[in-house]
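# just to be clear, the model below is a prediction. Sequence and coordinates:
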Amino acid sequence: MLSAGIAVITAVLALLATRSVPAASVFLFPFIAALSAAEGNMTVAAAAAGFSAVSLWYARKHRIFPSLRHEDIRTWRLVIRPFAMVFIPVQQIFGPAAALGFIGTLAAVSLGIDLVRISSRYTMAKLYRAREQRRLSSVTSFLTASLLLFLLFSPPVSYIALGYITFGDLLSKLLGLRFGRRVLKEGRTLEGSLAFLMGSLTSGYVLFILFPYPLPLLFIGPAAAAAAELISVSIDDNFSVGLISAAVLAALMQVV
């Protein structure tokens, strides 16, 4: 029953954010596939994966997401962002120290590249946005936030917050740039915020199945993360959102 309710909420958020059934299906079917796989229903997962492929093909054919060529988009980041969730099995299999070492190494490498860019004429414009040419990149901010999440918070709080900044931010970027019309605050749009909420809710629910936590937090957490993303204008939201939402979750864990 809960699964069906989450699927309905996700579908409504996707439709509100995109105002397009084909666009919404691109995100809805992968969620159903992931959810079904997490629940062990591989038949439904396989069917949803098939529909996901069809949806992606249709979206590509009809150029539903031309914003992938937006000047603020670097496709390589969209591709690698979901791989951040590998931090979870690394900690589960090899332990906290290994996870911190792994994330810390990635953050150090990213920081090193940033320092080279900032202090030299090598701007790496194809990899980094123009506004990042003389400052730390959002990749470094994301990896630093991930490191702090795993250092300061215990599972499942660190895992949930990681899901928010991985999938919430990813969908906010994709849908906000493509479908964003109603500006809420300094470039933040209602559509982008709804997409962030959708990504956070869906990732939070998959983690709820894998690492059970109090049910109210399934809904409070994404709302807190979406609010933090909306107000994080002067601070890189790749850094702030995860830590704020994790702090909220950790506090509520003590009372719920």
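Thanks, I have it.
# CA atoms for contacts and neighbours, from now on please.
OK.
# got the contact list for V44?
Counting by Cα atoms under 8 Å, 6 or more residues apart in numbering, V44 makes contact with A33, S36.
# per-residue pLDDT, it?
As predicted, V44 sits at a pLDDT of 86.
# now it, what are its backbone angles?
phi -70, psi -40 (degrees, to the nearest 10).
# and it, how far from V54?
V44 sits 15 Å away from V54, taking Cα to Cα, to the nearest Å as the criterion.
# whichever strand or helix holds R117 - contacts with which helices or strands?
Using DSSP states H and E, R117 sits in helix 96-119. On a contact count with 3 or more Cα pairs under 8 Å, 6 or more residues apart in numbering; DSSP states H and E, helix 96-119 meets helix 87-94, helix 138-152.
# buried stuff in the shortest one?
Same thing as helix 87-94. Within helix 87-94, the residues scored as buried using 16 or more other Cα atoms under 10 Å are F87, I88, V90, Q91.
# again with the last one
By neighbour count, and taking 16+ other Cα under 10 Å as the criterion, the buried residues in helix 138-152 are 138-150.
# for that helix, packing partners?
Counting by 3+ Cα pairs under 8 Å, 6+ apart, helix 138-152 packs on helix 96-119, helix 157-163, helix 237-253.
# so what's L194 up against?
Counting by Cα under 8 Å, 6+ apart, L194 has contacts L13, A14, L16, A17, S172.
# and these, which is closest to A247?
The closest of these to A247 turns out to be S172 (Cα to Cα; 21.4 Å).
# any idea of the mean pLDDT in the strand or helix carrying the closest one?
Using DSSP H and E, S172 sits in helix 169-179. In this model, helix 169-179 carries a mean pLDDT of 84.
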